[in-house]
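**Student:** have a look at this prediction, sequence included:
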Amino acid sequence: MPEFFNLVPPDEARARWLAALSHRTATGTAASALEQAIQYGLPVVVDEALSPADLPAFRRSTADGYAVRAADTYGAGESLPAYLSVIGEARMGEVPGVTLGSGQAVLIHTGAMLPDGADAVVMVEQTQPAAGDEIEVLRRVAPGENVLQVGEDIRRGETIVPGGAILRPQEVGGLLALGLGTEERPLVVRDRPRVAIFSTGDEVVPPAQTPGPGQVRDINSFTISAQAARAGAVPDVRGIFPDRPDELLSALRLALAPPGAADMLVVTAGSSVSVRDMTAEVFGQLAAEFGGPGVLVHGVALRPGKPTILAAIGGRPVLGLPGNPVSAMVAFWLFGRPAIARLMDARLPIAPRTQAILTANVASAAGREDYVPCRLVEDGDRLLAEPIFGKSNLIFTLVRADGLLRVPLDATGLRAGEAVTVYYF
């Protein structure tokens, strides 16, 4: 038996799979974006959010000092200061009760509203007291200097976040600054998809159990759960199942049954082509019961992660991962994250990456995309990528790594001294 009938390039495999995923998570109304951010993870906004007002809504000082008319400071310097009369104070949270005239100034604090007649702020360290209520201005200021103008941050009607955006902490702050994401002005968001995770193998035991001869602890359920949660999903670990197709099929059926049906299924191990492998067969049976299109890809031109299975059951993403921990994590990063984003109609965030200089040769084969764990080391003003070589069942190759360097599909390897792309964990 050949190991695989057809290895599909990763980009093609991902595109083929995502195109078949018609299922979406439910939409709801978030009473508070802030509560969502703190309690449940950052939500995905389904509809485009537009600004209902200008921000700032009034002219604000960006420094402690004096509100002035810029023209009154022209020509001012330390040797020939401008003398201005202080006629009052602009207090925080209040509308100034004075209007500035020629040769006048108002004491102002950072964030306070500018009085009428003022068009600039001179910082307090550029002034000094003079006789009576006068100050000396030791530097000229330009109109608008040290002032936030109305709408300078965002204008009424401008897009705050596009539809399908995963809210970052800064978007939460921007929305709440405009009163959005509150009980009075709720947002329409996607629920977090529920990802049911299954581990298989007669040799696999729970992490709390001491393994016997020939046994290993289940770590895939939990590394995949952590990745799924970071991608915005709710992980649901369903346990360990022996190498018996009937038991796995029953467990997957239960996960897809309402109420509370999972939005996505992930099975680790049992995805290779051998006498004992069962995952692809079970996925086919599941598609016959719940709707297809079933298995779309079995085998990806990828190392680690070649035995990955991509299927769609009733339009839901179903992912069969290799059993080796490194392979499982890399394959989920490449395929699981985009599937979770698709379930929420979200825009997949760009993976953080950097350029670094490779410190050792990395072998590969043309027609296969490789991801190699590496450590990043600063060398003066250069960033070095030190490959960490190891087999795909050695989890500590990833523990010791800062990221993954990518060997392109058409490359036969990378040479020491080359600039390479490293994806941060």
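**Tutor:** Nice, thanks for sending it over. Residues are numbered from 1 along each chain as shown.
**Student:** any idea how many residues pack against the nearest residue in space to A13 that is not next to it in sequence?
**Tutor:** The shortest distance from A13 to any non-neighbouring residue, by Cβ to Cβ, 6 or more residues apart in numbering, is to V297 (4.5 Å). Placement of C-beta: from N, CA and C, glycine included. By the criterion of other Cβ atoms under 10 Å, V297 has 20 neighbours.
**Student:** now L148
**Tutor:** 17.
**Student:** re earlier: which strand residues bridge the residue nearest to A13?
**Tutor:** L310 (DSSP bridges).
**Student:** ok, it - contacts?
**Tutor:** 8, 13, 16-17, 308-310 (Cβ atoms under 8 Å, 6 or more residues apart in numbering).
**Student:** what about burial for the residues you listed, which qualify?
**Tutor:** 8, 13, 17, 308-310 (16 or more other Cβ atoms under 10 Å).
**Student:** where along the protein do the helices fall?
**Tutor:** Remark: helices assigned in the chain by DSSP state H are 10-19, 33-35, 169-177, 220-230, 245-256, 279-290, 325-331, 337-343, 396-399.
**Student:** just the ones you listed: most buried one?
**Tutor:** Of these, the one with the most neighbours on average (mean count of other Cβ atoms under 10 Å) is helix 325-331, at a mean of 27.
**Student:** how far is it from where the chain is centred?
**Tutor:** Centroid separation between helix 325-331 and its chain, computed with Cα atoms, centre = their mean, to the nearest Å, is 20 Å.
**Student:** then stretch 45-54?
**Tutor:** 20 Å.
**Student:** straight-line length of it, end to end?
**Tutor:** 21 Å (Cα to Cα, to the nearest Å).
**Student:** start at 57 instead
**Tutor:** With 57 as the first residue, the last one maps to stretch 101-110.
**Student:** how about that stretch, which residues are buried there?
**Tutor:** Buried, per 16+ other Cβ under 10 Å, within stretch 101-110: 101-102, 105, 107, 110.
**Student:** same thing with stretch 199-206?
**Tutor:** Quick answer for stretch 199-206 (16+ other Cβ under 10 Å): 201-204.
**Student:** do the same with stretch 175-187
**Tutor:** 175-179, 182-183.
**Student:** closest one of the residues you listed to M148?
**Tutor:** Of all those, M148 sits closest to V177, with 14.3 Å by Cβ to Cβ.
**Student:** what's the closest non-adjacent residue to the closest one?
**Tutor:** That would be N202: by Cβ to Cβ, 6+ apart, it lies 3.8 Å from V177.
**Student:** tell me how far that neighbour lies from V162.
**Tutor:** To V162, N202 is 13 Å away according to Cβ to Cβ, to the nearest Å.
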